[in-house]
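Peer 1: no sequence for this one, just the structure:
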Ligand code: FHN
């Protein structure tokens, strides 16, 4: 039975923190053509073996990653403990296909967890339900397996129960040997590979036995497509805790069947790939990402922003630059993100609104001619108005220019045609 009270309790930090770092990193960082390379290029285990032999990320310094995440204002992080290729960044006892058996000899999951916890960042692990390295994972005619159209595998029998035992035992290792985990990011269900096919009820009961407060995404039931039973009044035991839209911000936010707000987290790449992709320089400007983070919060959502470190363990310089620029904005404006949610005031034409109780944050992204209109509040409701970044008092304008519009509060935030912050100038209105 779904316990709504316990659910609300464990979701508190998630709904408060709003901004996290996704980290896709593994053997696929060497060929640098994306984390699906085995599948897209139909590589056999043997073809892919060279990367296992080579993997030795000498520049891996999780402290540097953690400091950068903190500087960017990120409050939680999720690292790929294992992606679809089956390679484990942790010292699992269940397969030899793990980082401690590479030249590096390191348990990267453990080091990541320590470094991020030290910076006060909540820690999550991504765990692929799919495993293209395991002999008992379906190969031929599977929708995604690298050998899906290789006739050599036609008719091969795979003992899926055996795979499930292995997969569950790996999740147990992560849940029992690495301290408190704040989040588990299962990825992903497809076709009939969903729900009880993963023995999801048993899996989730085990996860919650060892990590009672852990937050889990909804992908034991769905992929980036579909919401799953968390959007219904009767979630399954494995519904997960939130919806995980991928590469999209839900246009109108998300609501459950009864119209109640639904927790969600948009996972977004900085360029066009999750894993390090050397030729992909299609990075979104920091200004766009800042505006999109605000958009998520204004619709009751979170943003999980991805980095794909290279084979050496270094975060691409473009991503570093973007994170620093986001950090410069967050440093002065984070009160309009953390603890904030959608406002009942509709989106204004000059930007967006986030709200935390009696504090309404007007994110002004487009300048006006003259005074700035703050929609949805009346003069009599206002206790005070401040520019968020430096606390400057803003007086309500009362003159012949604005007097025709008594239902809108106007302020003067700049004597020049330019907004003080061209990306997003945040005006904090405290209401009575
Ligand atoms: O196939 C993966 C993909 O590589 C990546 O990990 C994303 C992140 O959300 N999830 C899957 C596709 O939905």
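Peer 2: Yes, it's here. Computed from a predicted model, the values in this text were never measured in an experiment. Numbering: from 1, shown residues only.
Peer 1: Quick check, residue 245 in contact with residue 262.
Peer 2: No. Residue 245 is not in contact with residue 262 according to Cβ atoms under 8 Å; the separation is 10.9 Å. In this view, the C-beta of every residue, glycine as well, is placed from N, C-alpha and C.
Peer 1: and residue 106, how many residues sit next to it?
Peer 2: 18 (other Cβ atoms under 10 Å).
Peer 1: That one against residue 90, yeah?
Peer 2: No. In this structure residue 106 lies outside contact range of residue 90 using Cβ under 8 Å: 9.9 Å.
Peer 1: Common neighbours of the two, please.
Peer 2: 99-100 (Cβ atoms under 8 Å, 6 or more residues apart in numbering).
Peer 1: Three-state assignment for the residue most central in space within the chain, please.
Peer 2: Note on the chain: the residue nearest the mean C-alpha position is residue 304, at 2.0 Å, using Cα atoms, centre = their mean. Here residue 304 is recorded as strand under DSSP: H, G, I helix; E, B strand; the rest coil.
Peer 1: Let me see the contact set for it.
Peer 2: Counting by Cβ under 8 Å, 6+ apart, residue 304 has contacts 20-22, 78, 265-268.
Peer 1: let's see 6 Å
Peer 2: Shown in contact with residue 304 (Cβ atoms under 6 Å, 6 or more residues apart in numbering): 20, 22, 265, 267.
Peer 1: Put together CSV for the residues you listed, with pLDDT on each row.
Peer 2: Listed next are the contacts of residue 304 as CSV, based on pLDDT from 0 to 100:
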residue, pLDDT
20, 99
22, 99
265, 98
267, 98
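Peer 1: Sort out for me which of the residues you listed are in helices.
Peer 2: With helices taken from DSSP state H, there is no overlap with those.
Peer 1: Residue numbers of the chain in contact with the ligand?
Peer 2: Residues of the chain lying near the ligand by Cβ under 6 Å from any ligand atom: 35-36, 187-188, 223-224, 246, 267, 274.
Peer 1: can you put those in CSV and add secondary structure and neighbour count?
Peer 2: Shown next, in CSV, are those (DSSP: H, G, I helix; E, B strand; the rest coil; neighbours: other Cβ atoms under 10 Å):
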residue, secondary structure, neighbour count
35, coil, 24
36, coil, 18
187, strand, 21
188, coil, 23
223, coil, 17
224, coil, 16
246, strand, 17
267, strand, 23
274, coil, 25
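Peer 1: which one of those residues is nearest residue 209?
Peer 2: Taking Cβ to Cβ as the measure, residue 209 sits nearest to residue 187 out of the residues of the chain next to the ligand, at 21.9 Å.
Peer 1: Just list the residues touching that closest one, thanks.
Peer 2: Taking Cβ under 6 Å, 6+ apart, we find residue 187 in contact with 128, 219.
Peer 1: need the contact list for residue 300.
Peer 2: 253, 261, 341-342.
Peer 1: Among the residues you listed, name the ones in strands.
Peer 2: Among the contacts of residue 300, DSSP state E puts 341-342 in strands.
Peer 1: Which two of the contacts of residue 300 have the greatest separation?
Peer 2: 253 and 341 (10.0 Å).
Peer 1: all helices for the protein, in order.
Peer 2: Counting by DSSP H, the chain has these helices, from start to end: 4-10, 12-17, 37-40, 45-54, 62-71, 108-118, 160-177, 200-210, 286-298, 317-333.
Peer 1: can I get those helices in a markdown table with mean pLDDT?
Peer 2: As requested, the helices of the chain are exported to a markdown table (pLDDT from 0 to 100):
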| stretch | mean pLDDT |
| --- | --- |
| helix 4-10 | 96 |
| helix 12-17 | 98 |
| helix 37-40 | 98 |
| helix 45-54 | 98 |
| helix 62-71 | 98 |
| helix 108-118 | 98 |
| helix 160-177 | 98 |
| helix 200-210 | 98 |
| helix 286-298 | 98 |
| helix 317-333 | 98 |
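Peer 1: Count the neighbours of residue 212 for me.
Peer 2: Applying other Cβ under 10 Å, we find 10 residues neighbouring residue 212.
Peer 1: any idea how far residue 308 is from it?
Peer 2: Using Cβ to Cβ, to the nearest Å, we find residue 212 at a distance of 32 Å from residue 308.
Peer 1: hang on, the earlier thing: from the residues of the chain next to the ligand, pick the one nearest residue 298.
Peer 2: residue 267 (18.1 Å).
Peer 1: Let me see the contact set for the closest residue to residue 194 other than its chain neighbours.
Peer 2: Nearest residue to residue 194 in three dimensions, chain neighbours excluded: residue 221, at 5.9 Å (Cβ to Cβ, 6 or more residues apart in numbering). Neighbouring residues of residue 221 by Cβ under 6 Å, 6+ apart: 189, 194-195, 228.
Peer 1: Swap in 8 Å and give it another go.
Peer 2: 189, 194-195, 200, 228-229, 236, 238-240.
Peer 1: Which ChimeraX command selects the buried ones in the residues you listed?
Peer 2: Typed into ChimeraX, the line below selects the buried ones among the contacts of residue 221, using 16 or more other Cβ atoms under 10 Å:
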select :189,194,195,200,228,229,236,238,239,240
